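Colleague: next comes the sequence, and after it the predicted model I'd like to discuss.
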Amino acid sequence: FINSLAQHNGRLFVVDNTASDNAGKITSFDTDQLEQIDQISNPRPPRYVAFPGDDKGYITNQRFDENFNAQPSTVSVVDLVDNSVTKQVDVGRSPQGMGVAGGKVFVANAADGTLSVLDADPDTVNTTLSLPDCASPKSVFVDDENEVAVVCQGGGEQASEVLFLSPIEETIKDRVELGAPIGSANATQSAYYSEGAEELYAISGVETFGGPPLGGTGEIFRVDTDTNVLDATLEVPQDDELVNLTAVGYDAVTQHLYVTRLPVDAAGGPLFSADGTALILDRSGDEVTRFETGNTPGHIAFLRDSQ
């Protein structure tokens with residue numbers, strides 16, 4: 001199962017945990033011909049990869065007990081020259097997205113509501129930041145103003161929101177409330193940051209599971225990260241043959257918004273065993289066109305020199 005994609009120095013990194021023992025691998029491809037370059041074996045199920053240096057990668061890993069409860073886990077440190085894991089750094093429960101700023105790596109511990117702040121030189125945890133009223137922090141980005149943007153997915157009585165932190169002071173500078181719970185129907189890409197547009201997109205994609213904490217609305221939230229305000233709330237065009245949202249991305253060159261959806265099964269829920277559909281929307285949320293994807297689309301990335 002592919003969890004995420006990331007680009008770095010002309011390589012596309014594909015993060016998946018399809019190994020028989022539920023460990024994972026990260027496969028890299030060149031971004032010109034999409035030919036495989038190498039593969040990194042990871043000892044635990046991986047989620048996301050970030051790059052604190054040209055030759056160094058960080059991978060967040062999952063760990064669960066026998067009842068599938070999240071346990072304190074690790075970040076793998078990867079040597080990108082010989083493509084091997086060199087170290088494991090202890091972090092919180094269910095580490096997810098990461099953002100790199102000022103020589104630090106901010107790791108979202110979704111099950112703890114905290115950020116582990118790592119020093120990217122010795123690969124050690126400097127501190128753990130509490131995020132008050134931030135339910136399930138998952139996606140982390142660094143915007144054009146060098147603020148660390150953390151997407152709190154919300155749920156239950158807590159609204160979803162985006163926090164903006166100073167990477168130097170390690171304090172919250174701004175909060176933007178979104179409202180409906182944020183999430184991807186297959187627990188993959190629920191938010192996207194566009195450097196070219198200076199905008200963050202988040203999806204409330206888990207419509208069919210209903211009720212707290214997951215009940216989504218099918219909406220897409222657009223946050224202006226220059227002014228730190230909610231710029232728009234878009235509704236995905238209705239389609240009786242499609243349900244839920246699984247991934248989101250924005251192409252700043254064409255000004256098109258991409259979202260992926262799943263086919264409807266006989267009971268009206270999502271069908272995970274068939275090809276999905278990618279919708280291409282304009283900035284108002286109206287459909288421009290669509291195309292078929294592979295089974296259970298989970299992440300959107302644009303292979304272009306600039307966005």
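Modeller: Received the coordinates, thanks. Numbering: from 1, shown residues only.

Colleague: for the residue of the chain most remote from its centre, helix, strand, or coil?
Modeller: Residue farthest from the centre of the chain, counting by C-alpha atoms, centre = their mean, is residue 266 at 29.6 Å. Here residue 266 is coil, with the state taken from DSSP: H, G, I helix; E, B strand; the rest coil.

Colleague: restricting to C-alpha, output stretch 188-195 in PDB.
Modeller: What follows is stretch 188-195 as a C-alpha-only set of coordinates in PDB (Å, rounded to 0.1, in the frame of the first residue of the first chain):
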ATOM      1  CA  THR A 188      -3.300   8.900   3.100                       C
ATOM      2  CA  GLN A 189      -3.000  12.500   1.700                       C
ATOM      3  CA  SER A 190      -5.500  14.800   3.500                       C
ATOM      4  CA  ALA A 191      -3.600  18.100   2.800                       C
ATOM      5  CA  TYR A 192      -1.400  19.700   0.200                       C
ATOM      6  CA  TYR A 193       0.800  22.900   0.300                       C
ATOM      7  CA  SER A 194       1.400  24.700  -3.000                       C
ATOM      8  CA  GLU A 195       4.600  26.800  -2.900                       C
END
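
Colleague: please identify the buried residues of it?
Modeller: By 16 or more other C-beta atoms under 10 Å, the buried positions in stretch 188-195 come out as 188, 189, 190, 191, 192, 193, 194. All C-beta atoms are positioned from the backbone trio N, CA, C, and that covers glycine.

Colleague: run through who's touching it.
Modeller: With C-beta atoms under 8 Å, 6 or more residues apart in numbering as the test, stretch 188-195 has contacts from 2-4, 138-139, 141, 143-144, 149, 151, 153, 182-184, 199-203, 205, 225, 246-250, 252, 298-300, 307.

Colleague: swap in stretch 8-26?
Modeller: 1-7, 27-32, 34, 37, 39-49, 51, 54, 57, 59, 61, 78, 80, 301, 303.

Colleague: okay, and which of these map to strands?
Modeller: Within the contacts of stretch 8-26, residues falling in strands by DSSP state E are 2-7, 27-30, 37, 39-42, 46-49, 51, 57, 59, 61, 78.

Colleague: sorry, back to before: mark which of the contacts of stretch 8-26 are buried, thanks.
Modeller: Listed as buried from the contacts of stretch 8-26 are 2-7, 27-29, 31, 40, 42, 44-49, 51, 57, 59, 61, 78, 80, 301; burial here means 16+ other C-beta under 10 Å.

Colleague: ok, the nearest residue to residue 109 once chain neighbours are set aside to residue 271 distance?
Modeller: Of all residues not flanking residue 109 in the chain, residue 92 sits nearest, at 3.0 Å (C-beta to C-beta, 6 or more residues apart in numbering). As defined by C-beta to C-beta, to the nearest Å, residue 92 lies at a distance of 34 Å from residue 271.

Colleague: distance between the ends of stretch 222-239?
Modeller: Distance between the two ends of stretch 222-239: 22 Å, counting by C-alpha to C-alpha, to the nearest Å.

Colleague: and that stretch, how far from the chain's centre?
Modeller: Computed by C-alpha atoms, centre = their mean, to the nearest Å, the chain-centroid distance of stretch 222-239 equals 17 Å.

Colleague: next: stretch 175-191.
Modeller: 9 Å.

Colleague: buried residues, that stretch. List them.
Modeller: 176, 178, 180-186, 188-191.

Colleague: pLDDT averaged over it - what is it?
Modeller: Per-residue pLDDT values over stretch 175-191 give a mean of 94.

Colleague: also stretch 234-249?
Modeller: pLDDT averaged over stretch 234-249 gives 94.

Colleague: return the set of buried residues in that stretch.
Modeller: For stretch 234-249, the neighbour count (16+ other C-beta under 10 Å) marks 234, 236, 242, 243, 244, 245, 246, 247, 248, 249 as buried.

Colleague: hmm, residue 297 is touching residue 260, no?
Modeller: Yes. Here residue 297 lies in contact with residue 260, judged by C-beta atoms under 8 Å, at a distance of 3.9 Å.

Colleague: ok, the two, which is more surrounded?
Modeller: Between residue 297 and residue 260, counting by other C-beta atoms under 10 Å, residue 260 is the more crowded of the two (29 against 24).

Colleague: pLDDT score assigned to the more buried one?
Modeller: So residue 260 comes in at 98 (pLDDT).

Colleague: next: residue 215.
Modeller: Reported pLDDT for residue 215: 67.

Colleague: quick one: buried residues of stretch 281-292?
Modeller: Quick answer for stretch 281-292 (16+ other C-beta under 10 Å): 281, 285, 290.

Colleague: for stretch 154-163, same thing?
Modeller: 154, 155, 158, 159, 160, 161, 162, 163.

Colleague: having no further points to raise, I will conclude here.
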